[in-house]
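1. Next one to model:
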Amino acid sequence: MTIDNKDILNSILQNISSLSYIKPEDLPNIDLYMDQVTTFMEGQLASTKRYPEDKVLTKTMINNYAKNSLLPSPEKKKYSRDHLLVLIFIYYFKNILSINDIQTLFQPITEKYFKGSDGKDMAYIYNEVFGMEKNHIEQMEKNLLRDFSVSSKTFQDADPQDQEFLRKFSFICELSFDVYIKKMIIEKLIDQMAPGDTKKERKKSSKKTDG
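-> Residues are numbered from 1 along each chain as shown. As a prediction, this is how the structure comes out:
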């Protein structure tokens, strides 16, 4: 690929390396009203948005999460640190999973650990999961460089004017296949967690969609 594409990849790798998650100690020590929640989330996660005009979280989203039992109801219209941690998880999951899948995944978590005792609360879950971030990002960077190197050697016999685009297409296909496989694995694991009735409903819904 061209130098431009290498520059783009290096820029992406730098962004990945600089990614940081919201640490529990960064959360407010007081409960927040909805407007304060959206402002906090926007300020903390703005760097993850694709476009500046995108919204990290809106009042409508929060209400929908509560209606779909993804988010426990607030107390006297105020949201706790546990609420914020659940919202952070939802923010990341909603890009790859359906609302039903997130609900299946999170229901046992919130039932047991939301406002948990003896240190086994949402912060406990959050710290354990996000503590794996550093090692995972390092491995991801290596995989990206490997895939980039492989795709840069494709389409050797293509027309020179098409080669750059085709190699970029090849790189995107590699990344997309990785996402597809991992998403399929995630969905299979979640299906194993779903109650029997929910599985039947999903199968019916899938047949209607395919038909």
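
2. C-alpha only now, for contacts and for neighbours.
-> Will do.

3. middle-most residue in the protein, spatially?
-> Most central in the chain under C-alpha atoms, centre = their mean is residue 92, positioned 2.6 Å from the mean C-alpha point.

4. State the mean pLDDT of the lengthiest helix in the chain.
-> As assigned by DSSP state H, the longest helix anywhere in the chain is helix 160-193. Averaging pLDDT along helix 160-193 yields 94.

5. Now do that helix: which elements does it pack against?
-> helix 99-113, helix 133-151 (3 or more C-alpha pairs under 8 Å, 6 or more residues apart in numbering; DSSP states H and E).

6. Confidence-wise, which of those helices is weakest overall?
-> helix 133-151 - the lowest mean pLDDT of these, at a mean of 85.

7. which of the residues in it are buried?
-> 137, 141, 144, 147, 148, 151 (16 or more other C-alpha atoms under 10 Å).

8. which non-adjacent residue is nearest the fifth one?
-> Looking back up the chat, that one is residue 148. residue 171 (6.2 Å; C-alpha to C-alpha, 6 or more residues apart in numbering).

9. tell me which residues in stretch 119-136 are buried?
-> 121, 122, 123, 125, 126.

10. Regarding that stretch, how distant is the last residue from the first?
-> Stretch 119-136 has an end-to-end distance of 26 Å (C-alpha to C-alpha, to the nearest Å).

11. returning to that earlier point: could you dump the helices and strands packed on helix 160-193 to CSV with distance to residue 33?
-> Below are the helices and strands packed on helix 160-193 laid out as CSV (distance: least, C-alpha to C-alpha, whole Å):
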stretch, distance to residue 33
helix 99-113, 20
helix 133-151, 30
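
12. Quick one: closest of those to residue 25.
-> Of all the helices and strands packed on helix 160-193, helix 133-151 sits nearest to residue 25, with 16.9 Å by C-alpha to C-alpha.

13. what's the angle between the closest one and helix 160-193?
-> Here helix 133-151 runs at 140 degrees with respect to helix 160-193, directions being taken by axes from the mean of the first three to the mean of the last three C-alpha atoms, to 10 degrees.

14. so how far is helix 133-151 off the chain centroid?
-> Mean-position distance between helix 133-151 and its chain equals 18 Å (C-alpha atoms, centre = their mean, to the nearest Å).

15. Count the residues that sit near the residue nearest to residue 148.
-> By other C-alpha atoms under 10 Å, the residues close to residue 171 number 19.

16. isn't it right next to residue 149, touching?
-> No - using C-alpha atoms under 8 Å, residue 171 is not in contact with residue 149; the gap is 9.0 Å.

17. Residue 79 is nearest to which of the helices and strands packed on helix 160-193?
-> Comparing these under C-alpha to C-alpha, the one sitting nearest is helix 99-113, at 14.3 Å.

18. which residues sit against the closest one?
-> 68-70, 72, 90, 93-94, 120-122, 125, 187, 190, 193-194 (C-alpha atoms under 8 Å, 6 or more residues apart in numbering).

19. Which members of those residues are the farthest-apart pair?
-> 120 and 187 (26.6 Å).

20. Residue 86 sits in which helix or strand?
-> helix 81-93 (DSSP states H and E).

21. actually residue 127, not the one I typed
-> Assigned by DSSP H and E, residue 127 falls in helix 122-130.
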